[in-house]
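# Build the 3D model from these lines:
(one chain, ligands or ions: 3)
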Amino acid sequence: MKVLVINAGSSSLKYQLYDMNDESVLAKGLVERIGMDSSILTHKPTGKEEVTEVSEILEHTTAIRKVLDKLVDKEHGVLNSVDEIQAVGHRVVHGGEAFKSSALVTPEAKAEIRRLFDLAPLHNPPAISGITAAEKNMPNVPQVVVFDTAFHQTMDEKVFLYPIPKVLYKKHHVRRYGMHGTSHYYVSRVAAEYLNRPLEDLKMITCHIGNGGSLTAIKDGKSFDTSMGLTPLEGLMMGTRSGDLDPAVVTFVMNKEELTISEVNSMLNKHSGLLAISGSSSDMRDITDGLEAGEPNATLAFEMYEYRLRKYIGSYAAALNGVDVIVFTAGVGENSAVVREKVCENLTYLGVEIDPELNKIRSGEPRRISSPNSKVEVLVIPTNEELVIARDTLRIVEESK
Ligand SMILES: Nc1ncnc2c1ncn2[C@@H]1O[C@H](COP(=O)(O)OP(=O)(O)O)[C@@H](O)[C@H]1O
Ligand SMILES: CC(=O)OP(=O)(O)O
Ligand SMILES: [Mg+2]
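Ligands and ions are numbered 1, 2, ... in the order given. Next up, the predicted model:
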């Protein structure tokens, strides 16, 4: 079965086409700047040259049509006909408490995802745009939704509740949900396989640090605690998101600066984090360049990011009463040796010892960066959320037949 995986953002759409017979990627790509002046489509068919096309793409329906055109293109295509695509899998960030696992797209499922717009304003609306666009372009193809929150539905009440009036949970479902679950799920499984040890025996802390970032404490193979909360704003300092702060900061700043809800949301989600402290970039590559050049604002941004990440690792080691494995993944976790080095440098009290040479190796494969003496296995595991989405899509479509 050929499965198309779609990860729709507000102004972007990432895709991967899988042949599930051998789980090979036939093509992948990205549409950027949807709705802006000139949109860019980058299409990479496996074994052929990458192509880039600039055109006007005002919304997701056009974006998906252009992607389908590329997939059947004579020169750059990998399919004879769009009909070869037998299922579409979508990443949806927020599934609330309604979705404990992946599901077939139905009118009810879409209505539920819409009800959750408030809880993931940056992520769920584009996901619905992606689903609607795929339905319009491929009306007879089954669609599946895979949720970032689903893996975290195993958290205990004492972990997921906030210490605020309980009526807010009953009335408005205010609680910790957690995100990036597909990634935390995937890397924890690959880590156990890599170590050749039963997942159930391992206390694991998985660090998904990309543009957004979250940590998960994993016990018995299940999510025990995770740093994102009601929305993807809580927890670590991120590219443009603040992460944890005193909730009183919000009302204080709203009052002093006369900000509306939408303005304060935008400040905390889009104008905070690395971007705010460095004053120049949300991209860790720029921050570490600045660090190496001794630029003071980038250095402070880096130090805050590393310190907050390390504090979370320490708190999850306490939550699990120890840790056997620490996993780094996603854009920063997979690529930034300096972030991994600085974090681990100050985790010696846990028995963490990394091998500086192993840490420097660049590779797309799962790898160990801890030394043989380390009491904790420290691994870099490249994540693959798309593969998990494709597998779930295949399973659910087969089950529904
Ligand atoms: N070589 C690198 N060194 C440091 N950071 C990197 C490197 N490559 C990518 N990154 C970071 O990874 C981030 C993107 O991570 P990714 O997981 O792809 O994010 P998302 O899925 O949220 O878009 C970038 O913002 C960049 O900061
Ligand atoms: C939930 C979330 O933060 O996702 P991303 O890292 O893709 O922005
Ligand atoms: Mg991501």
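# Which single residue of the stretch 251-400 of the chain ends up nearest ligand 2?
Ala330 (7.4 Å; CB to the nearest ligand atom). To be clear about C-beta, it is placed using only N, CA and C from the backbone, and glycine gets the same treatment.
# if I pick that residue, what's in contact with it?
Shown in contact with Ala330 (CB atoms under 8 Å, 6 or more residues apart in numbering): 180, 183, 208-210, 213, 383.
# Please identify which of these is nearest to ligand 1.
Of these, the one sitting nearest to ligand 1 (CB to the nearest ligand atom) turns out to be Gly210, at 2.3 Å.
# Which of the helices or strands spans Phe328?
strand 325-329 (DSSP states H and E).
# Residues in contact with that strand: which ones?
With CB under 8 Å, 6+ apart as the criterion, strand 325-329 contacts 183, 187-188, 191, 195, 202-209, 313, 333-334, 340, 344, 347, 352, 369, 376-383.
# List the pairing partners of it within its sheet, with orientation.
strand 204-209 (parallel), strand 377-380 (parallel) (DSSP bridges).
# could I have the longest one exported to PDB, CA atoms only?
Put plainly, it is strand 204-209. The C-alpha coordinates for strand 204-209 follow below in PDB (Å, rounded to 0.1, in the frame of the first residue of the first chain):
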ATOM      1  CA  MET A 204      14.100   6.700  30.100                       C
ATOM      2  CA  ILE A 205      14.200  10.500  29.500                       C
ATOM      3  CA  THR A 206      13.600  11.400  25.900                       C
ATOM      4  CA  CYS A 207      14.600  14.900  24.800                       C
ATOM      5  CA  HIS A 208      12.800  16.000  21.600                       C
ATOM      6  CA  ILE A 209      14.400  19.400  21.000                       C
END
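# From here on, call the first residue 482.
I'll keep to 482 as the first residue from here, and by that count the last item is strand 685-690.
# How far does that strand sit from its chain's centre?
11 Å (CA atoms, centre = their mean, to the nearest Å).
# Now that strand: average pLDDT?
Here strand 685-690 scores 98 as its mean pLDDT.
# Any part of it near ligand 1?
No: using CB under 6 Å from any ligand atom, strand 685-690 stays clear of ligand 1, coming no nearer than 7.6 Å.
# cool, and the last one?
No: contact of strand 858-861 with ligand 1 is not found when judged by CB under 6 Å from any ligand atom; the minimum separation is 12.3 Å.
# Show me which residues of this protein are close to ligand 2?
Counting by CB under 6 Å from any ligand atom, the chain sits next to ligand 2 at 574, 604, 629, 660-661, 691-693, 713.
# can I get these in TSV with neighbour count, secondary structure and distance to Arg722?
As requested, the residues of the chain next to ligand 2 are exported to TSV (neighbours: other CB atoms under 10 Å; DSSP: H, G, I helix; E, B strand; the rest coil; distance: CB to CB, whole Å):
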residue	neighbour count	secondary structure	distance to Arg722
Val574	27	coil	13
His604	23	coil	12
Asp629	27	coil	15
Met660	29	coil	11
His661	31	coil	13
Gly691	19	coil	12
Asn692	17	coil	9
Gly693	26	coil	7
Pro713	26	coil	7
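# Just name the closest of those to Leu642, please.
Met660 (17.7 Å; CB to CB).
# show me what contacts the closest one?
Neighbour list for Met660: 574-575, 629-630, 633, 693, 695, 707, 709, 713 [criterion: CB under 8 Å, 6+ apart].
# filter the residues you listed down to the ones near ligand 1?
Among the contacts of Met660, the residues within reach of ligand 1 (CB under 6 Å from any ligand atom) are Gly693.
# Residues of the protein that sit close to ligand 1?
Counting by CB under 6 Å from any ligand atom, the residues of the chain lying close to ligand 1 are 691-693, 720, 764-766, 769, 811-813, 816-817.
# one more time with 5 Å, if that's ok
Contacts of the chain with ligand 1, taken as CB under 5 Å from any ligand atom, map to 691-693, 764-766, 811-813, 816-817.
# who's the residue nearest to Glu616 when sequence neighbours are not counted bridged to?
Counting by CB to CB, 6 or more residues apart in numbering, Glu616 lies nearest to Gln624, which is 6.6 Å off, once chain neighbours are set aside. Taking DSSP bridges as the rule, Gln624 bridges to Val569.
# Spit out the contact partners of Gln624.
Counting by CB under 8 Å, 6+ apart, Gln624 touches 568-571, 585-586, 612, 615-616.
# of all those, which comes closest to Pro777?
Among the contacts of Gln624, and counting by CB to CB, the member closest to Pro777 is His571, at 42.9 Å.
# From the contact counts, what lies against the helix ranked longest in the chain?
Ranked by residue count, the top helix of the chain under DSSP state H comes out as helix 777-801. Where contact means 3 or more CB pairs under 8 Å, 6 or more residues apart in numbering; DSSP states H and E, helix 777-801 is packed against strand 685-690, strand 694-700, strand 703-707, helix 754-759, helix 765-773, helix 818-826.
# Single out the most deeply packed of these.
strand 685-690 (a mean of 28; mean count of other CB atoms under 10 Å).
# Going by proximity to ligand 2, name the top residue of this structure.
Gly693 (2.5 Å).
# Distance from the chain centre to stretch 485-501, please.
Relative to its parent chain, stretch 485-501 has a centroid offset of 13 Å by CA atoms, centre = their mean.
# likewise stretch 547-561?
28 Å.
# One more: stretch 553-562?
Relative to where its chain is centred, stretch 553-562 has its mean C-alpha point 30 Å off (CA atoms, centre = their mean).
# same question for it, mean pLDDT?
96.
# Report the buried residues of that stretch.
553, 557-560 (16 or more other CB atoms under 10 Å).
# next one: stretch 513-521
Of the residues in stretch 513-521, 513, 515, 520-521 count as buried by neighbour count, 16+ other CB under 10 Å.
# Report the two of these separated the most.
Longest distance between any two of the buried residues of stretch 513-521 is 9.7 Å, between Ile515 and Ile521; criterion CB to CB.
# which residues does Ser851 contact?
833-836, 839, 857-860.
# got a winner among those residues for most neighbours?
Val859 (26 neighbours; other CB atoms under 10 Å).
# Let me see the ranges of the strands in the chain.
Secondary structure of the chain (DSSP state E): strands at 483-489, 494-500, 505-513, 520-526, 532-536, 566-573, 584-585, 624-628, 685-690, 694-700, 703-707, 806-810, 848-849, 858-861.
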